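Novice: Output the structure for:
(one chain, ligands or ions: 3)
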Amino acid sequence: MRIAVPNKGRLHEPSEELLERAGLHLVDGADRQLHADTVDPDVTVLYARAADIPEYVADGAADVGITGLDQVRESDADDLVELRDLDFGRCRLVLAAPEDSHVETVYDFEGGRIATEFPTITRRYFDRVDVDVDVTEVSGATELTPHVDIADGIVDITSTGTTLRMNRLAVVDEVLESSVRLFAREDTADDEKVKQVDTALGSVLAAEDKRYLMMNAPEDALDDVKDVLPGMGGPTVMDIAGSDQLAVHAVVEEHAVFETISSLKDVGASDILVTEIERLVE
Ligand SMILES: Nc1ncnc2c1ncn2[C@@H]1O[C@H](COP(=O)(O)OP(=O)(O)OP(=O)(O)O)[C@@H](O)[C@H]1O
Ligand SMILES: O=P(O)(O)OC[C@H]1O[C@H](OP(=O)(O)OP(=O)(O)O)[C@H](O)[C@@H]1O
Ligand SMILES: [Mg+2]
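Specialist: Ligands and ions are numbered 1, 2, ... in the order given. Coordinates of the predicted model:
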């Protein structure tokens, strides 16, 4: 079973980090540029350009892929199914025009020229809104093209908005909201190994916004402690040898930790520990 992962660029490191955190540790090999073995002898990692990954999965060179939704939509690859939003590489594909142009809506582009690294998505978008434009594919520095009379507008990626601002471009419309996805082919999406990898990656995401709370509490405070802990399936309660205190463990939403600790102290809990959770399989 092969996982295609971006070989460079901004998605490379976070993708590898996610695999590591999911327990799919990469084993050092001679050519980590091309592929890497993992601790699971049945799972290998194949490195490819972010833009090529959908095609690799569609062709069967890999069984699952990790890349941006923009790349999946831009590719001609059919029969791909999205398994999971991996919640990084968040960006927007937007239609933008020079700030000083008279363009206000997409309809003002009728008969105009659009430069983009995403010609497929762009043509599909203009077809949908029924505006006739000439789409030119460029391979970088898209933001410059309206200023050198190559285009009247662009469709490009933005996240902080800095690049658009620096190039005096204003957003006219949003074309696509993107983030990194785990995807497979239709015919392999239900394979046991594919599901295992999906579950492992999902377990990292599920744990991210949770914390594990451990505390001691007097027996007669247990009901109050339970009331305070929203926890998943109630807290775990254990006797402490030679003590009239109980040990109470629970999983709590990260955003609720601050308030929960105050309430726990109020009802008599002590020695409260908060720890991160590596993975959580529900
Ligand atoms: N500014 C950004 N913020 C968040 N995600 C982004 C941003 N720019 C790109 N991405 C996401 O990362 C993916 C890959 O972009 P990246 O810049 O790493 O590679 P690239 O420029 O396509 O690769 P190459 O260097 O091979 O041309 C994009 O398709 C998109 O999903
Ligand atoms: O809204 P911002 O935060 O400014 O991000 C948007 C920029 O980020 C990407 O470029 P990248 O940095 O990947 O450089 P590249 O053109 O070499 O791909 C994208 O192509 C935009 O140019
Ligand atoms: Mg880039």
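Novice: Please tell me I have it right and Phe109 contacts Val103.
Specialist: Yes. In terms of C-beta atoms under 8 Å, Phe109 counts as a neighbour of Val103; the distance is 6.6 Å. Backbone N, C-alpha and C define where each C-beta goes, glycine included.
Novice: These two: who's more crowded?
Specialist: Phe109 (23 against 20; other C-beta atoms under 10 Å).
Novice: Relative to Lys265, how far out is Asp227?
Specialist: Per C-beta to C-beta, to the nearest Å, Asp227 is found 14 Å from Lys265.
Novice: Compare neighbour counts for the two and give me the winner.
Specialist: Set side by side, Asp227 and Lys265 show more neighbours around Lys265, with 13 against 10, by other C-beta under 10 Å.
Novice: And the more buried one, which helix or strand is it part of?
Specialist: Taking DSSP states H and E as the definition, one finds Lys265 inside helix 257-266.
Novice: can you give me the mean pLDDT across that helix?
Specialist: Summarised as a single mean, pLDDT over helix 257-266 is 96.
Novice: Give the buried residues for it.
Specialist: 260-261, 264 (16 or more other C-beta atoms under 10 Å).
Novice: Longest helix in the protein, please.
Specialist: Looking across the chain with DSSP state H, the single longest helix is helix 192-208.
Novice: Output that helix as PDB - backbone C-alpha positions only.
Specialist: Provided in PDB are the C-alpha atoms of helix 192-208 (Å, rounded to 0.1, in the frame of the first residue of the first chain):
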ATOM      1  CA  GLU A 192      -8.600  -2.700   5.000                       C
ATOM      2  CA  LYS A 193      -5.200  -1.000   4.800                       C
ATOM      3  CA  VAL A 194      -6.600   2.300   3.400                       C
ATOM      4  CA  LYS A 195      -9.100   2.400   6.200                       C
ATOM      5  CA  GLN A 196      -6.300   1.800   8.700                       C
ATOM      6  CA  VAL A 197      -4.300   4.700   7.400                       C
ATOM      7  CA  ASP A 198      -7.400   6.900   7.400                       C
ATOM      8  CA  THR A 199      -8.200   6.000  11.000                       C
ATOM      9  CA  ALA A 200      -4.600   6.600  12.100                       C
ATOM     10  CA  LEU A 201      -4.600  10.100  10.500                       C
ATOM     11  CA  GLY A 202      -8.000  10.800  11.900                       C
ATOM     12  CA  SER A 203      -7.000   9.800  15.400                       C
ATOM     13  CA  VAL A 204      -4.300  12.600  15.300                       C
ATOM     14  CA  LEU A 205      -6.800  15.200  14.300                       C
ATOM     15  CA  ALA A 206      -9.400  14.000  16.900                       C
ATOM     16  CA  ALA A 207      -6.800  14.300  19.700                       C
ATOM     17  CA  GLU A 208      -5.600  17.800  18.700                       C
END
